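based on what follows, work out the 3D shape:
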Amino acid sequence: MGVMAERRTARRYDLSLPILIRLAEQQILNIPSGKTRDISTRGLYFVINQDLRAGSELEITLTLPGEITRGAEVLVRATGKVVRVEQRKEDELDRLGVAAVIERYDIVRGE
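Residues are numbered from 1 along each chain as shown. Reported below is the predicted structural model:
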């Protein structure tokens, strides 16, 4: 039920924002940092220099700048799952491009 309402296209932002990623199954605070390339309310695509596998559960933290929120910058914490990983070259460096779906997110307002 309610599937039809989901047909609306999520608004996409072509954004390069710093992102912090933590694998949900790792308790160690090993935080690989990456950069987003594309964000919507349903998911995001980011580039990272650390191995991630499809199916991995992620904890994602990113800051949305005032230009998007039309106000103060906003910290967003999300949980998601990797759906696709691909090899990329960025600035002559090997990177991984990662597509993830967002399962839930909490907005932690900035001051």
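
contacting residues for the residue most central in space within the chain?
Centroid-nearest residue in the chain, with Cα atoms, centre = their mean: residue 44, separated by 4.5 Å. Residues counted as contacts of residue 44 (Cβ atoms under 8 Å, 6 or more residues apart in numbering) are 19, 36, 38, 60, 80, 99, 100, 102. Using the backbone N, CA and C atoms, a C-beta is placed for each residue, glycine as well.

lowest-scoring secondary structure element of this protein by mean pLDDT?
Within the chain, no helix or strand scores below helix 66-69, which has a mean of 81 by mean pLDDT, DSSP states H and E.

against which helices or strands is the following helix or strand past it packed?
Downstream of helix 66-69, the next assigned helix or strand under DSSP states H and E is strand 74-90. Contacts defined by 3 or more Cβ pairs under 8 Å, 6 or more residues apart in numbering; DSSP states H and E place strand 74-90 against strand 43-48, strand 57-64, strand 93-109.

what angle sits between strand 74-90 and strand 93-109?
Interaxial angle, strand 74-90 versus strand 93-109 (axes from the mean of the first three to the mean of the last three Cα atoms, to 10 degrees): 170 degrees.

who does strand 74-90 pair up with?
Sheet pairing here is set by DSSP bridges, and for strand 74-90 it gives strand 57-64 (antiparallel), strand 93-109 (antiparallel).

average pLDDT across the shortest one?
By that I understand strand 57-64. Here strand 57-64 scores 89 as its mean pLDDT.

so what's the residue found closest to residue 17 once you drop the neighbours it is linked to in the chain bridging to?
Spatial nearest neighbour of residue 17, chain neighbours left out: residue 36 (4.7 Å); criterion: Cβ to Cβ, 6 or more residues apart in numbering. Taking DSSP bridges, one obtains residue 46 as the residues bridged to residue 36.
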